[in-house]
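[1] Turn this into a structure:
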Amino acid sequence: MLRWLFCASALVLSLASFQAYGEIQSVTVRWEADLCIASCQKLLYEQFKKINTLKDVRFDGPAGKADLIYKEGAPYDYTPINYAYRMVGIAQYRELDMRIQLKGKITIDSSHFYITSTGDGTRGELFTPPPVSNINMVNNKSIYAYGMDENVARKLREVEKNRQEVIVEGRIFAPWRPGPLYIILGSVKPVSKSTK
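    Have a look, this model is predicted:
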């Protein structure tokens, strides 16, 4: 019994402190603004400022949004963000909406598309949302409902062929799960000389 308890607690600890290292530009978090008014907003802002991997917090409480700007080379870690939400009681009402901007190069492994960080090789698997005509017929809480749009896939193959560095922006699917990040693409932009 004790051995089972030890193994279970070790698994929970390893899942709870998952970190993804990479060329993270920012993570945007959103919440239902009506659930967090003045004093709640102040406390949430203070909790975000305590996260030591952040360089800056651009906080818009009335809009229910914060842009978490990471220090160069700092890891994305779900745990302190989740902790900040739970300290003010927001996370219990809705799934967190988290978006990420990540810099790296596109790699393709058979039919899987990845962004691979230029800094340390961290991978995020890329997906596109289901077609609009199917949006009401799919379970969007399962990663298997997502795939890769053929037009986007063609562009990503070209980017990979040219070995171009890009910044991808998209929603983090199930941000609490360990392993490579699943990123539902919003945009892919080439890195300009001023961005490097």
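[2] Show me where the protein has its strands.
    Taking DSSP state E as the criterion, the chain carries its strands at 19-20, 23-30, 54-60, 65-70, 76-77, 97-109, 112-117, 123-127, 165-173, 181-190.
[3] can you redo the ones you listed as TSV with mean pLDDT, mean neighbour count and distance to Tyr144?
    In short, each C-beta sits where N, CA and C put it, glycine included. Below are the strands of the chain laid out as TSV (pLDDT from 0 to 100; neighbours: other CB atoms under 10 Å; distance: least, CB to CB, whole Å):
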stretch	mean pLDDT	mean neighbour count	distance to Tyr144
strand 19-20	52	18	21
strand 23-30	83	20	24
strand 54-60	94	15	33
strand 65-70	92	20	29
strand 76-77	82	20	23
strand 97-109	89	19	18
strand 112-117	89	21	13
strand 123-127	90	21	10
strand 165-173	92	20	11
strand 181-190	92	17	11
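[4] Can you say which of those strands is nearest to Ala153?
    Of all these, it is strand 112-117 that lies closest to Ala153, at 6.8 Å by CB to CB.
[5] tell me the centre residue of the protein?
    Ile172 (3.6 Å; CA atoms, centre = their mean).
[6] Enumerate every residue touching the nearest residue to that residue once chain neighbours are set aside.
    Closest residue to Ile172 apart from its sequence neighbours, by CB to CB, 6 or more residues apart in numbering: Met98 at 4.6 Å. Neighbouring residues of Met98 by CB atoms under 8 Å, 6 or more residues apart in numbering: 27-30, 81, 171-172, 175.
[7] Repeat that for Ser187.
    Counted by CB under 8 Å, 6+ apart, Ser187 has contacts 168-170.
[8] related to what we said a few turns ago, for the strands of the chain, which one sits closest to Lys155?
    Closest approach to Lys155 among these (CB to CB): strand 181-190, 7.1 Å.
[9] and the angle from the closest one to strand 97-109?
    Per axes from the mean of the first three to the mean of the last three CA atoms, to 10 degrees, the angle that strand 181-190 makes with strand 97-109 is 80 degrees.
[10] shift numbering so it begins at 714
    Shifting the count to begin at 714 puts that one at strand 894-903.
[11] Show me how far strand 894-903 is from its chain's centre.
    10 Å (CA atoms, centre = their mean, to the nearest Å).
[12] repeat for stretch 888-895
    Computed by CA atoms, centre = their mean, the chain-centroid distance of stretch 888-895 equals 8 Å.
[13] Sweet, I'm off.
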